[in-house]
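J.: fold the stuff below for me.
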Amino acid sequence: MRLPIVLGLLAASAAWPAAWQQTPPPAGQTPPSQLTFRVEGNYIEVDAVVTDSQGRFVRDLKANDFEVLEDKKPRTVDLFSLVDIPLERADAPLYRTTPVESDVVTNEKPIDGRVYVLVLDANHVAPNNTLVTKRAAHEFIDQYIGANDLAAVVLLQTGRSNDNQEFTSSKAALSASVDKFSGEKVRSKALNVLDDAMSKFSASAGANNEDVMNARDLGEGERATKAVATVSALTQLSTNLAGIRGRRKAIVFFSEGIDFNTDDVIGPNGNPNTAGTVVNPFSNNSAIEAMHASQILDDMQLLYETASRANVAIYSVDPRGISDPADVTIQIAGVPSGFPFDVGAVTTAARDEVRRQNGTLRTFSDATGGLALVNSNNFGGGFKRIVEDNSAYYVLGYHATDVKHDGKFHDITVRVTRPGLQVRARKGYYASKDSKVEAPPDPTISLLNSPLPVGGLGMTMTLATMKGTAPNVHVDVTLEFSGRDVMPDAANAAPGDRIELSYATLDLSAKVVASARKTLDLAVRPETRQAIAEHGIRLVTGFDVPPGRYQFRIAAQELGGGKTGSVFWNLELPDFSKGSLTMGNLAITAASAIHTPTSLDSQALKDLLPGPPTASREFALEDTLAVVAMVYDNDTARPHTVDFSATVRTDDGTQMFVTRDEHSSQEIQANHGGYTYTPRIPLQDLVPGRYVLTVEAKSRLGGDPATREVQFTIK
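T.: Model (predicted):
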């Protein structure tokens, strides 16, 4: 089966165009960011939690307070930082309980929150436990993920990779992905063996039913496949999370545990042992199961090795809460007279299954420095511990100078010189077996391949969408660069000063469906250089892709100063030819937008807006906003009218401005099934503060309106 993995964590496998691989990076170039991306095989990073005698985290330690030993040999710490992350709550407008989803993304604010990957293991969640699993995941998202955190959702279920959610701070997007989860766990082995045994039972043979003693789990192949798939998925996630340095990475693993008997790797079941008795088919493996058990154990060991090198902690959550074998045995109607096994044998087998499943969850967490929430209905206490574990700690990094690529475990000991303190840190790591060092790629490609966007070269982006050449959606990208990063010295131009950009749109299998490279030449006139220094520089470009879910990534390098950066956007492009009313993302401009030098190659926005679109959502009182909303109406059977409105509300919900318009459905054919709504919104009568713009289209035939919201401020 194909493993559904979050595409951002598999970006290294993306099929980047060959021509992109040719430009070498400047010597010593490193993207400046709080999150760094290292690939050295001998770079070791360990997190340390230091507490006093009262169990309180100690925040005032320095690098020289720590001693790090590897295999009892002291190491020189060359990376040291204190991570102390508050749990920020979303700042929603006062008149609503949920925040307005931002229509811009930026790397200007560093990633300063926790990093979570929520893995919902459909392979090992029973269908009847789907609801409780989703409820537990929603609880974690709603109550324990902060506004400053980034999280992704991976659904390990067959053929549903498009339902995964890339890294985002949007709780709505995370919850929408969780809502698509459905458990697919194989039926209990104990019940399967019982069914097979009863189908082979002959009352006349009595206790000599050899066929019964050879009963098998007819789901053993699927059970093994699911176990391998889950362990391999966790290993792949750990591998790709290794690119995120300077931060703990937490996999929150919602699962009932690996449902396979790895205690018996010998088999076969059904043959007399040395005592002359017969092996219990409920408790022991068949020859095929024993073979699978060996493979699964090897895969688990690889997972522990990979997670330790990547500094990834797995927090296991059994959504069943307190597990009860009665959930299995209640399905047994009874056994016939003379049957060699009674219900007690099945009950014992079911209890052993739960024990082994819980055991795998505990082992996953113990081996990676996480926490296992098993046999408990108090998820809140465990979730709070997960947040605490990922909120306050020290990061210590060093280079192993005598590294051996032997794949062996190396002990790590972390101590502090200050008396009376306790240190919790992982006990070691497994060395990589691969000593090959690859040549560094183009810096912008490195950024596109990283799991998360990177700061350094300040970038802010917004997207507008409309119908493209059928059946595609047209996406217009507005990207603005920080003037202080692009043009720190407006008076002096560096030779060859320019911005090199690489961007790509990837589907959820990490396939590049649209890509390009562009150059913004900064060898411009002195007055333009001054404008760039004060207001930045803007690029507006576009591309067409079919409807669907994608991630758009853009990375840039400013060659004069050497700064680099990237921004990512999770795209969900509707099919505008379906449904009743649909609205694309808005494009907005204002008089103040003309101050930013712009490279604009989108003909659509040139025709629709009086000036270049802007990614800024901060405007001046003297501005008038010009908005473009493309609305598509597929109800062509009856003539009708569609009402449009643009409303501006204050933070407390007071309506400060509204403009209305109406369009006849007769316009549909002339405008390719759509309406162009272009309200103008003067800001002169408002006061500085935060506002929400709501653009709405509603058909008089009924049905849900099409709506877009934009939060902005007046300075």
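
J.: tell me the domain ranges of the protein?
T.: Domain assignment of the chain by automatic domain parsing yields the ranges 40-86+402-433, 114-389, 443-714.

J.: and the last one, end to end?
T.: Domain 443-714 has an end-to-end distance of 37 Å (criterion: Cα to Cα, to the nearest Å).

J.: for the record, mean pLDDT for it?
T.: In this model, domain 443-714 carries a mean pLDDT of 90.

J.: the second one too?
T.: Taken as a whole, domain 114-389 carries a mean pLDDT of 84.

J.: measure that domain end to end?
T.: End-to-end span of domain 114-389 (Cα to Cα): 10 Å.

J.: mind checking how far that domain is from the chain centre?
T.: Relative to the mean C-alpha coordinate of its chain, domain 114-389 is positioned 22 Å out (Cα atoms, centre = their mean, to the nearest Å).

J.: make JSON lines out of the domains of the chain and add distance to residue 104 and mean neighbour count.
T.: All C-beta atoms are positioned from the backbone trio N, CA, C, and that covers glycine. Output for these, formatted as JSON lines (distance: least, Cβ to Cβ, whole Å; neighbours: other Cβ atoms under 10 Å):
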{"stretch": "domain 40-86+402-433", "distance to residue 104": "23", "mean neighbour count": "15"}
{"stretch": "domain 114-389", "distance to residue 104": "13", "mean neighbour count": "19"}
{"stretch": "domain 443-714", "distance to residue 104": "5", "mean neighbour count": "18"}
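
J.: and of those domains, who's closest to residue 107?
T.: With Cβ to Cβ as the measure, domain 443-714 is the member of those nearest residue 107 (4.3 Å).

J.: which residue is nearest the middle of the protein?
T.: The chain has residue 152 as the residue nearest its centroid, 2.3 Å off, counting by Cα atoms, centre = their mean.

J.: could you name the helices and strands sitting against the helix or strand harbouring that one?
T.: Per DSSP states H and E: residue 152 is located in strand 150-155. Judged by 3 or more Cβ pairs under 8 Å, 6 or more residues apart in numbering; DSSP states H and E, strand 150-155 is in contact with strand 115-120, strand 165-168, helix 171-178.

J.: adding distance to residue 648, write those out as CSV.
T.: Shown next, in CSV, are the helices and strands packed on strand 150-155 (distance: least, Cβ to Cβ, whole Å):
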stretch, distance to residue 648
strand 115-120, 35
strand 165-168, 27
helix 171-178, 23
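
J.: any idea which of the domains of the chain gets closest to residue 98?
T.: Closest to residue 98 of these, according to Cβ to Cβ: domain 114-389, at 7.4 Å.

J.: sorry, back to before: what sits opposite the residue nearest to the centre of the chain in the beta ladder?
T.: Counting by DSSP bridges, residue 152 is bridged to residue 117.

J.: my read: it touches residue 119, true?
T.: No. Using Cβ atoms under 8 Å, residue 152 makes no contact with residue 119, being 9.2 Å away.

J.: my guess is residue 442 contacts residue 502, does it?
T.: Yes. Counting by Cβ under 8 Å, residue 502 is a contact partner of residue 442 at 7.3 Å.

J.: returning to that earlier point: JSON lines for the domains of the chain, including distance to residue 105?
T.: Formatted as JSON lines, these follow (distance: least, Cβ to Cβ, whole Å):
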{"stretch": "domain 40-86+402-433", "distance to residue 105": "21"}
{"stretch": "domain 114-389", "distance to residue 105": "10"}
{"stretch": "domain 443-714", "distance to residue 105": "5"}
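
J.: how about the strands of the stretch 1-150 of the chain, start to end?
T.: 43-51, 66-70, 73-75, 79-84, 104-106, 115-120, 150-155 (DSSP state E, counting those that start in this stretch).

J.: any stretches of the stretch 1-150 of the chain with poor pLDDT?
T.: 1-42, 94 (pLDDT under 70).

J.: all helices of it, in order?
T.: Along the stretch 1-150 of the chain, the segments classed as helices by DSSP state H, counting those that start in this stretch run 130-144.

J.: next one: the stretch 301-450 of the chain
T.: Using DSSP H, counting those that start in this stretch, the helices of the stretch 301-450 of the chain run over 326-329, 343-368, 379-389, 443-449.

J.: which one of these lies closest to residue 292?
T.: helix 343-368 (14.0 Å).

J.: which elements pack onto the closest one?
T.: Right, helix 343-368 is packed against helix 189-200, helix 287-310, strand 312-317, helix 326-329, strand 372-373 by 3+ Cβ pairs under 8 Å, 6+ apart.

J.: relative to the shortest one, what are the paired strands and their orientations?
T.: Strands that pair with strand 372-373, judged by DSSP bridges, come out as strand 312-317 (parallel).

J.: residue contacts, the nearest residue to residue 133 once chain neighbours are set aside?
T.: Among residues not flanking residue 133 along the chain, residue 319 sits closest, at 4.0 Å (Cβ to Cβ, 6 or more residues apart in numbering). Residue 319 is in contact with 125, 129, 132-133, 135-136, 254-256, counting by Cβ atoms under 8 Å, 6 or more residues apart in numbering.

J.: cool, and residue 444?
T.: Residue 444 is in contact with 20, 500-502, 555-557, 564, 566, counting by Cβ under 8 Å, 6+ apart.

J.: show me where the stretch 451-600 of the chain has its helices.
T.: Ranges of helices within the stretch 451-600 of the chain are 483-486, 526-535, based on DSSP H, counting those that start in this stretch.

J.: now the ones you listed in a markdown table, with distance to residue 198?
T.: Below are the helices of the stretch 451-600 of the chain laid out as a markdown table (distance: least, Cβ to Cβ, whole Å):
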| stretch | distance to residue 198 |
| --- | --- |
| helix 483-486 | 73 |
| helix 526-535 | 79 |
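
J.: out of those, the one nearest residue 458 is which?
T.: helix 483-486 (4.8 Å).

J.: all strands for the stretch 601-715 of the chain, in order.
T.: Using DSSP E, counting those that start in this stretch, strands in the stretch 601-715 of the chain cover 618-619, 624-633, 641-650, 655-664, 674-677, 680-682, 689-699, 706-714.

J.: make a markdown table out of those and add distance to residue 583.
T.: Below are the strands of the stretch 601-715 of the chain laid out as a markdown table (distance: least, Cβ to Cβ, whole Å):
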| stretch | distance to residue 583 |
| --- | --- |
| strand 618-619 | 22 |
| strand 624-633 | 5 |
| strand 641-650 | 10 |
| strand 655-664 | 13 |
| strand 674-677 | 9 |
| strand 680-682 | 17 |
| strand 689-699 | 6 |
| strand 706-714 | 4 |
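
J.: the helices and strands packed on strand 150-155: which one's closest to residue 689?
T.: Among the helices and strands packed on strand 150-155, helix 171-178 sits nearest to residue 689 (Cβ to Cβ), with 24.7 Å.

J.: just want the angle from the closest one to strand 115-120.
T.: 30 degrees (axes from the mean of the first three to the mean of the last three Cα atoms, to 10 degrees).

J.: tilt between helix 171-178 and helix 130-144?
T.: Going by the same axes, to 10 degrees, helix 171-178 makes 160 degrees with helix 130-144.

J.: so for stretch 465-485, first residue to last residue, what's the gap.
T.: Start-to-end, stretch 465-485 (Cα to Cα) is 29 Å.
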